[in-house]
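1. using only what follows, build the 3D model:
(2 chains)
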Amino acid sequence: MSRGSIARPRFPDMESQYNHKTVESAAQTHWSAIDAYRSIENDPRFPKGKYYACSMLPYPSGKLHMGHVRNYTINDMLVRYQRMQGYNVLMPMGWDAFGLPAENAAMKSKKAPAAWTYENIRVMKAQCQALGLAFDWSRELATCDPAYYKWNQWFFLKMLENGLAYRKTQIVNWDPIDQTVLANEQVIDGRGWRSGALVEKREIPGYYLNITKYAEELLDATLHKLPGWSERLRLIQENWIGKSEGVRFAFPHDIKDADGKLVQDGKMYVFTTRADTIMGVTFVAVAPEHPLAIRAGQLNPALAPKIDALKLGGTTEAELALKEKEGVATGLFVTHPLTGEKIEVWVGNYVLIIYGDGAVMGVPAHDERDWNFAAKYGIPVKTVIGSEQLYRDCLAVSNAYQSATGGAPLSPTELLNVNWNGDIAGQLAHIARVSPEASNAVVGLAHQMRHEHFSAERGLTINSGKFDRLTFQDAVNAIAADLAAKGLGEKKTTFRLRDWGISRQRYWGTPIPVIHCDDCGVVPVPEKDLPVVLPEHHIPDGSGNPLNKDEAFLKCSCPKCGKPARRETDTMDTFVDSAWYYMRYTSANADTMVDARNDYWMPMDQYIGGIEHAVLHLLYARFWTKAMRDMGLLKFDEPFKRMTNHGMLLNHIFYTPGSHGAKNYVPPTDVKLTHDEKGHINGGTLEDGTPVLYGGIGKMGKSEKNGVDPQDLIDKYGADTARLYVMFVGGPEDAAVWSDTAVEGAMRFLRRVWTYCADRAADIANAGAVDAATLTAEQKATRFELHSALKQSNFDYERQQYNTVVSASMKMLNALEAVKPGACPSLAREGASILLRTLAPVTPHITYKLWSDLGFEKTDGALLDTEWPQPDAGALVQDEIKLVLQINGKTRGEIVVPSSADKAAIEAAAAASAEVAKFGEGRAPKKIIVVPGRLVNVVV
RNA sequence: GCCGGGGUGGCGGAAUUGGUAGACGCAGCGGAUUCAAAAUCCGCCGCUAGUGAUAGUGUGCGGGUUCGAGUCCCGCCCUCGGCACCA
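-> Below is the predicted model of the structure:
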């Protein structure tokens, strides 16, 4: 029975062993010769219409990494599947070629960013081709190509024209030693990442795009018009846009500036979403840059350095939430707009000048941040919100107090207004003397209040004079109306979303097409002079933007008056490049930004990329689309109908300890693993026996040295194995951990596919269609397995769950191998025909070769465009079916019934079963539940 | 801190969405083939008890709903992301 004893029928021109190198080069040569992946608008070969699927364009960092392989294989499977379904597919590719890494690389290698970038593109393109990805390379683009960024500039000028782009000063991180602007991530503990210099905040002019004009539309579409986006992604965008409805109102004051004029016309504005708590304001806090803070510094010079000190520290929401709240009292007072009370102005390090009016009202009783601030500085707390229950409890305590003391009742307000910063103990001690019960009740209330006040639940107003006992919305309405009547405020909607600052004081980007003239000011470059070409020979050295020293670039004449002028040296944020590249693919080489072809392909049917782009890129792209729409360049509202966020690839991390707690990372491939008693990895040793420590599982990356080079995989196992592995390792949206041995398993499966086909080549070539009547029981069972797996595979293709598509193929092969060569040629043929087609999108090379070698191409056409297989209804019919038998919900066995059995017959069979006799303990069935085709549950 | 995703064997993961938990694969163990090894093929493989048939138990923890819960509800724990110019 051994394999060697079987006379293997040889087939002409077919190798008996799978050789990935010859198979893959043959397939790729063929596809290239027939230009297999060129997409043409309205191609009559594809009657079902277009299907545009695109991966986010990669940054050309040097080599592909496994994340790319996964991303592009998902994309490739999608379009290959859709093409076999009859759609006219488009899958283009390009390069996000501008950006900071090229400048950093230039500093290290002394190579110009342009040369470095183009070399990387060459290498990565070759790798894409080696992977057999079905890209239409005729539409390739690089964003650093003047033919591309010309349209960034053109559209920027259009935005300037209609007010969508404007110039204002912006606050940036400035490195005084390197003379350069730093990104937030380049600031580490307040110092520049290269120079170590203390980073300053500088105000410099820059260009902004008015994305907030579209905030309402973007939010509305996020919530209602993107059904193909995940809930999670929509939520991230919703939070980012951050709509909040509240009240903007003023605290009047008579604080005057040095010239004797009222500061800000005597009105200090704040915005709040909790207008129901305005009666609880006990202080106000302003940002260190706020006019009142500046004025306080002038009036009391001792305060100025203290106020300046509050400017330090990060400004992101996360940093603000975690940092210690600090402040300085100014000795200045404003007036509460409703009560007329004097309220002291503080300067707080948690108030940002860039948010709203740069000032907040302080309600310590109902805002945890204000609470912490007030507790630290002894600011009074005034409670103005309580739940109905709390209100009733107060009355009960008051009554208890009254009956205990025989004195006057305590009002709920009195009870609730225990001053938490004052002598609570003293107050309680007094109550305790007269009534121990009341004392306990008060302590309990204090705890409960602490909990309730800061919870999201909005209770009733109390202690609020004429606004007492109102629900949240009623209180806001009443208070807003009163403020409006006094001319001091109104309801307002604000967004967290801010306008998009696109100016970068960097070299390697799209030049902003404006000219500075001493007489005319800032003048746009005329359209006919576009593109403003970036000189490509500079090698940045870290001392600021080389364009600032490039006289040839700088020197120009003013387009308005003709006098000598200076060119702008700021370049655009690279998110501008990626905001619309997917539309340039559709209109490759057009002499306009986009042309009619864009109307054919867009909106995109499927976009694929990492979740890390959930906000910036995706929001900018959506904004850009709407801006183009409003300028009449296109007719749709949203660019991406469906969005898939593939998960990260992870790997184990190992290191040897260095001095001062440093970690010397070691590639996992160099480590011989050790395991603890439960079988978990807990460390390992190097070749020479040096012990290494286990650092857990983390994202594949250069710094941890735990990346896997796809090139090694392709060389050793071939592209098909690499593709099969990355699809099999987990669902497209899940994170996946790398495993070397699992790659071997993927290779093993492909060898078995090859061997199966080679051993049955003669059967397959000569067989006709399956005649179900002539099959043996075993062959019928095999065919049932085959078509069941096909059904699963088709289901999973539709829901893009590619890991189980692969396992379905494995199930097919497991079943088909039971039919030995020569035993049933028709079934062998049907099996190969289905298996090769379901595998084609995953492993296109081996399936191409087997499909053509076995002669399917002659009967069914090229695999790329052949018809997608459907399960045969007849093959899925069984004479008898097994049902799970449960007794009282516990699985106890199974019963076999004819597939035609009705509910009564199944109930009877179940009741009569040995299991019911055994586990039912002689009791008669009370109830029998039948789930058709699945199980029967007998309740006794 | 706030918001979100996720916890299933030694490992990656499945369970067509309330119906046999662990499909498929990796690793491991036993066997066949081989002079030997590689490769390949066959079998076993959640945990506990038992030689065994079998029984009990089991999807992060604690409750609940249901004939039936990995799946639904309530309360926790852990973990990974996001929270404005790295792409």
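2. which stretch of helix or strand covers A:Lys306?
-> helix A:303-309 (DSSP states H and E).
3. what does that helix contact?
-> A:Pro288, A:Ala293, A:Ala296, A:Gly297, A:Gln298, A:Val328, A:Thr330, A:Val347 (Cβ atoms under 8 Å, 6 or more residues apart in numbering). Bear in mind the C-beta positions are built from the backbone N, C-alpha and C, glycine included.
4. average pLDDT for it, rounded please.
-> Average pLDDT, helix A:303-309: 89.
5. now do stretch A:79-95
-> 96.
6. may I see the buried residues of it?
-> A:79-84, A:87-95 (16 or more other Cβ atoms under 10 Å).
7. which one of these is nearest to RNA strand B?
-> Set against RNA strand B, the nearest of the buried residues of stretch A:79-95 by Cβ to the nearest atom of the strand is A:Trp95 (9.4 Å).
8. so who does that closest one touch?
-> Applying Cβ under 8 Å, 6+ apart, the residues near A:Trp95 are A:Leu57, A:Pro58, A:Tyr59, A:Pro60, A:Thr117, A:Ile121, A:Met124, A:Glu140, A:Leu141, A:Ala142, A:Thr143, A:Cys144.
9. go again with 7 Å.
-> By Cβ atoms under 7 Å, 6 or more residues apart in numbering, the residues touching A:Trp95 are A:Leu57, A:Pro58, A:Pro60, A:Ile121, A:Ala142, A:Thr143.
10. out of those residues, who's the most crowded?
-> When neighbours are counted by other Cβ atoms under 10 Å, A:Pro60 leads the contacts of A:Trp95 with 27 neighbours.
11. among the contacts of helix A:303-309, which ones are buried?
-> A:Pro288, A:Ala293, A:Ala296, A:Gly297, A:Val328, A:Thr330, A:Val347.
12. outside of stretch A:139-155, which residues touch it?
-> Contacts with stretch A:139-155, where a contact means Cβ under 7 Å, 6+ apart, come from A:92-98, A:114, A:117, A:121, A:510, A:513, A:527, A:530-533, A:572, A:576-577, A:581, A:584-585, A:588, A:593.
13. what are the buried residues along that stretch?
-> Of the residues in stretch A:139-155, A:139-144, A:148-155 count as buried by neighbour count, 16+ other Cβ under 10 Å.
14. check whether it contacts RNA strand B.
-> No - against RNA strand B, stretch A:139-155 shows no contacts by Cβ under 7 Å from any atom of the strand, the least distance being 8.8 Å.
15. so how far is that stretch off the chain centroid?
-> Put simply, stretch A:139-155 sits 26 Å off its chain's centre (Cα atoms, centre = their mean, to the nearest Å).
16. and it, end to end?
-> 21 Å (Cα to Cα, to the nearest Å).
17. likewise stretch A:514-530?
-> Start-to-end, stretch A:514-530 (Cα to Cα) is 11 Å.
18. and the contacts of that stretch?
-> By Cβ under 7 Å, 6+ apart, stretch A:514-530 touches A:150, A:153-154, A:157, A:160, A:167, A:513, A:532, A:556, A:558-561, A:563, A:565-568.
19. for stretch A:467-484, same thing?
-> So stretch A:467-484 is contacted by A:247, A:249, A:275-276, A:278-279, A:337-338, A:458, A:460-462, A:489-491 (Cβ under 7 Å, 6+ apart).
20. in terms of distance to RNA strand B, which of those ranks first?
-> Of all those, A:Arg458 has the smallest distance to RNA strand B: 13.7 Å, by Cβ to the nearest atom of the strand.
21. need the pLDDT of the closest one.
-> At A:Arg458, the model reports a pLDDT of 61.
22. next: A:Val345.
-> The per-residue pLDDT reported for A:Val345 equals 94.
23. tell me if it really is in a strand.
-> Yes - A:Val345: assigned to a strand according to DSSP: H, G, I helix; E, B strand; the rest coil.
24. A:Phe373 versus that one, what's the distance?
-> Distance, A:Val345 to A:Phe373, by Cβ to Cβ, to the nearest Å: 13 Å.
25. picking that back up, confidence-wise, which of the contacts of stretch A:467-484 comes last?
-> Among the contacts of stretch A:467-484, A:Arg458 carries the lowest pLDDT, at 61.
26. quick one, what contacts the most centrally placed residue in chain A?
-> Nearest to the mean C-alpha position of chain A, by Cα atoms, centre = their mean, lies A:Ile611 at 2.2 Å. By Cβ under 7 Å, 6+ apart, A:Ile611 lies in contact with A:Asn645.
27. and what of A:Gly348?
-> A:Ala285, A:Lys325, A:Gly327, A:Phe373.
28. please identify which pair of these lies farthest apart.
-> By the measure Cβ to Cβ, A:Ala285 and A:Lys325 form the most distant pair in the contacts of A:Gly348, at 9.2 Å.
29. more neighbours, the two?
-> The residue with more neighbours, out of A:Ala285 and A:Lys325, is A:Ala285; 27 against 19, by other Cβ under 10 Å.
30. that one belongs to a strand?
-> Yes - per three-state DSSP, A:Ala285 lies within a strand segment.
31. give me the pLDDT value at it.
-> Note on A:Ala285: pLDDT of 92.
32. show me the shaky parts of chain A.
-> Within chain A, the segments meeting pLDDT under 70 span A:1-14, A:183-186, A:188-189, A:313-317, A:386-459, A:659-662, A:675-682, A:696, A:701-703, A:920-922.
33. which strands or helices does the top helix by length along it pack on?
-> When chain A is scanned for its longest helix (criterion: DSSP state H), the result is helix A:777-798. Applying 3 or more Cβ pairs under 7 Å, 6 or more residues apart in numbering; DSSP states H and E, one finds that helix A:777-798 contacts helix A:802-816, helix A:825-839.
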